[in-house]
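A.B. asks: after the sequence you'll find the predicted model.
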Amino acid sequence: MEYKVIGLMSGTSLDGVDIAYCIFQQKENKWEFKIEKAETIEYQEEWRKKLRNIENSTAFDFVKTNIEYGIFLGNLVKNFIEKNQINPKLIGSHGHTIFHQPDQQITCQIGDGAMISAISQLPVVCDFRKLDVALNGQGAPLVPIGDLLLFSDFPICLNIGGIANVSFDLNGIRIAFDICPANMVLNFLSEKKGELFDSNGKMAKNGNLDEELLTKLNSLDFYNKNEPKSLGKEWVFQKIIPILNDSQISIEDKLRTFSEHISFQIAKSLQKLEKSLNLLITGGGAYNSFLVQKIQEKTHHNVVIPSKEIIDYKEALIFAFLALLRKNNQINTLKSVTGAKKDSIGGCLYFN
């Protein structure tokens with residue numbers, strides 16, 4: 001039986017909304033997938049500004065923006081379906097994370113699912129993280145069950161988006177965690193040079209490593225915590241940005257130093273895997289050739305860069321898959337990954 005699902009993903013790097021129309025089949029207890037159509041809709045500056053500043057809005061404006069963003073996503077999906085003449089049966093929407101403080105049992109991804117469902121005339125699964133957080137979990141990362149069931153050929157799955165996270169089996173148990181901020185910070189620095197991002201890491205490559213700044217970054221408490229652990233943008237703006245702003249070095253030197261920081265933390269997170277394994281890298285960071293080079297230099301694992309389709313749309317694919325598992329009443333969130341009391345079936349389902 002074929003399952004036709006659309007996945008929607010918006011990450012902390014604020015690049016845009018990834019839309020992927022995916023077809024899933026289960027054969028002999030093994031899941032297979034195909035990304036039939038996919039597209040990234042870049043944010044206009046108006047939405048980029050709204051999403052960047054919404055946590056400082058009034059309660060009324062926050063609720064209003066949540067609904068407006070749901071309408072925005074609903075129309076994106078509707079147009080995508082009409083343009084590609086496809087026939088999906090379900091939508092999985094990650095939404096856009098505004099608050100993520102699991103230690104206070106707070107997580108919030110905006111993008112009203114009822115609006116998406118009403119506009120698209122399809123059932124929608126959203127709010128994937130809340131149940132896990134209610135069960136004392138981190139609510140993140142959620143992608144690892146997709147890594148386990150869809151990408152089992154790769155022992156290590158590393159995603160370098162706004163925040164870098166990793167997923168692998170250790171002693172027969174799937175574990176995963178956020179490693180460190182990545183594109184979110186690199187883009188923040190690049191914008192100070194009038195660029196949305198550092199293409200291929202060229203500015204970082206031309207910069208110089210600042211050992212003092214690198215030491216300060218690597219000394220942050222988060223890096224000494226054991227998994228499960230996750231990061232929100234609040235932590236980045238409280239802990240990382242002030243350190244970077246206090247440094248008097250050039251933007252190029254900051255980009256170089258932060259790239260070294262990312263690659264160091266990634267390599268450190270993989271040290272417990274002694275055997276050399278294939279390391280799949282996806283997310284926008286896979287295009288940053290300088291960063292990928294630094295990761296390869298610091299780890300003994302074999303870096304694998306997949307097709308552009310997988311780099312760009314793996315997360316949207318997996319949120320489509322999470323929605324399918326939710327609709328089929330199957331576990332889609334692993335306690336071994338999040339630290340929750342138990343495995344769970346997360347996500348709010350809106351029928352239409």
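C.D. replies: All right, it came through fine. These numbers were taken from a predicted model, which means no experiment stands behind them.
A.B. asks: okay, and the beta partners of His100?
C.D. replies: Beta-bridge pairing of His100 under DSSP bridges involves Thr107.
A.B. asks: neighbours of it, how many?
C.D. replies: Per other Cβ atoms under 10 Å, the neighbour tally for His100 reads 23. The way it works is simple: take the backbone N, C-alpha and C, and place the C-beta from them, glycine included.
A.B. asks: which residues of the stretch 201-350 of the chain fall in strands?
C.D. replies: 278-282, 302-304, 348-350 (DSSP state E, counting those that start in this stretch).
A.B. asks: tell me which of those strands lies nearest to Leu209.
C.D. replies: With distances scored as Cβ to Cβ, the stretch of the strands of the stretch 201-350 of the chain nearest to Leu209 is strand 302-304 (21.1 Å).
A.B. asks: what is that closest one packed up against?
C.D. replies: Contact partners of strand 302-304 among helices and strands, from 3 or more Cβ pairs under 8 Å, 6 or more residues apart in numbering; DSSP states H and E: strand 278-282, helix 289-298.
A.B. asks: how distant is the longest one from the center of its chain?
C.D. replies: Its chain's average C-alpha position is 20 Å from that of helix 289-298, according to Cα atoms, centre = their mean, to the nearest Å.
A.B. asks: same check on stretch 49-67?
C.D. replies: Taking the mean of its C-alpha atoms, stretch 49-67 sits 21 Å from the chain's own mean (Cα atoms, centre = their mean).
A.B. asks: same question for it, mean pLDDT?
C.D. replies: The pLDDT scores in stretch 49-67 average 95.
A.B. asks: kindly check the end-to-end length of it for me.
C.D. replies: Separation of the first and last residues of stretch 49-67 by Cα to Cα, to the nearest Å is 17 Å.
A.B. asks: give me the residues contacting that stretch.
C.D. replies: Counting by Cβ atoms under 8 Å, 6 or more residues apart in numbering, stretch 49-67 makes contact with 10, 14, 43, 69, 96, 98-99, 110-112, 115, 234, all of which sit outside it.
A.B. asks: nearest to Leu291, of the residues you listed?
C.D. replies: Leu14 (18.4 Å).
A.B. asks: torsion angles phi and psi at that closest one?
C.D. replies: phi 60, psi 30 (degrees, to the nearest 10).
A.B. asks: what sits against Ile241?
C.D. replies: Each residue near Ile241 by Cβ under 8 Å, 6+ apart is listed here: 185, 188.
A.B. asks: how far away is it from Phe188?
C.D. replies: Using Cβ to Cβ, to the nearest Å, Ile241 is found at 7 Å from Phe188.
A.B. asks: now Leu325
C.D. replies: According to Cβ to Cβ, Leu325 stands 34 Å off from Phe188.
A.B. asks: also Asn79?
C.D. replies: Between Asn79 and Phe188 the computed distance is 30 Å (Cβ to Cβ).
A.B. asks: of these two, who's got more company?
C.D. replies: Using other Cβ under 10 Å, the more surrounded residue of Asn79 and Phe188 is Phe188, with 21 against 13.
A.B. asks: please name the residues that touch that one.
C.D. replies: Applying Cβ under 8 Å, 6+ apart to Phe188 gives the contacts Ile241.
A.B. asks: how near is it to Ala164?
C.D. replies: Going from Phe188 to Ala164 by Cβ to Cβ gives 15 Å.
A.B. asks: same question, Phe72
C.D. replies: According to Cβ to Cβ, Phe72 and Ala164 sit 27 Å apart.
A.B. asks: do the same with Lys49
C.D. replies: Distance, Lys49 to Ala164, using Cβ to Cβ: 25 Å.
A.B. asks: now the chain, which segments are flagged as low pLDDT?
C.D. replies: Along the chain, no part satisfies pLDDT under 70.
A.B. asks: and it, split by domain according to the record?
C.D. replies: As recorded under automatic domain parsing, the domains making up the chain are 2-139+319-350, 145-309.
A.B. asks: from start to finish, how long is the first one in a straight line?
C.D. replies: Distance across domain 2-139+319-350, first residue to last, is 21 Å (Cα to Cα).
A.B. asks: ok, the last one next?
C.D. replies: Distance across domain 145-309, first residue to last, is 20 Å (Cα to Cα).
A.B. asks: centre of the chain versus that domain, how much separation?
C.D. replies: Here domain 145-309 is found 12 Å from its chain centre; the criterion is Cα atoms, centre = their mean.
A.B. asks: got it, and stretch 105-114?
C.D. replies: 15 Å.
A.B. asks: what comes up buried for that stretch?
C.D. replies: Within stretch 105-114, the residues that count as buried by 16 or more other Cβ atoms under 10 Å are 107-113.
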